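Undergrad: From the sequence below, what's the structure:
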Amino acid sequence: MIKQIKIPKQLQNENFRFIIVKKKSKAPFESNWTKDKNYKFDDKRLLDFLAQGYNYGVLCGVGNIVCLDIDELQIIKELEKKLPETL
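TA: Below is the predicted model of the structure:
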C-alpha cells in the first residue's frame with residue numbers, strides 16, 4: 001500500500017506553488033520546474049502524483065512564503081526566540 005503524501009492545511013494557499021519530487025529523493029521530477037512545472041496545492045496533476053507515492057517541494061519566493069533551512073542547533077534556538085511560531 002502506498003502512503004499518500006498530503007499538503008498540510010497551513011500550505012493550502014492559492015498563492016503558493018509546489019513541484020513534484022522524485023520518489024525517495026529530493027530531486028525535482030520535471031525539468032523546468034522553476035517556470036513551467038509548478039502547481040497550486042489543489043492541481044489535479046500534483047494530487048495524482050502524490051497519490052502514487054511521489055513527494056512535493058515548496059517553491060520558495062512565490063506567494064510571500066519564506067523558508068529557512070538551518071542545520072546548526074544553536075542558531076535554531078536563537079531564532080526561535082525572535083521569530084513568530086511557524087509551520
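
Undergrad: Please state the backbone phi and psi of residue 18?
TA: Main-chain dihedrals, residue 18, degrees, to the nearest 10: phi -130, psi 150.

Undergrad: again, but for the one 10 residues further on
TA: Main-chain torsions, residue 28, degrees, to the nearest 10: phi -60, psi 140.

Undergrad: what about the nearest residue to it once chain neighbours are set aside, helix or strand, and which?
TA: Spatial nearest neighbour of residue 28, excluding adjacent residues (CB to CB, 6 or more residues apart in numbering): residue 19 at 5.3 Å. To be clear about C-beta, it is placed using only N, CA and C from the backbone, and glycine gets the same treatment. Applying DSSP states H and E as the criterion places residue 19 in strand 18-21.

Undergrad: other SSEs contacting that strand?
TA: Packing contacts for strand 18-21, counted by 3 or more CB pairs under 8 Å, 6 or more residues apart in numbering; DSSP states H and E, involve helix 44-51, strand 55-58.

Undergrad: Can I get the shortest one in PDB, CA atoms only?
TA: In this case it means strand 55-58. Output in PDB follows, covering the C-alpha atoms of strand 55-58 (Å, rounded to 0.1, in the frame of the first residue of the first chain):
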ATOM      1  CA  ASN A  55       6.600  13.800  -2.800                       C
ATOM      2  CA  TYR A  56       6.400  17.600  -3.300                       C
ATOM      3  CA  GLY A  57       8.600  20.600  -2.800                       C
ATOM      4  CA  VAL A  58       7.500  24.100  -1.900                       C
END
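
Undergrad: on that earlier part again, in the sheet, who's paired with the residue nearest to residue 28?
TA: Following DSSP bridges, residue 19 is listed with bridge partners residue 57.

Undergrad: ok, back up a step: I'd like the mean pLDDT over the strand holding residue 19, please.
TA: The average pLDDT within strand 18-21 is 94.
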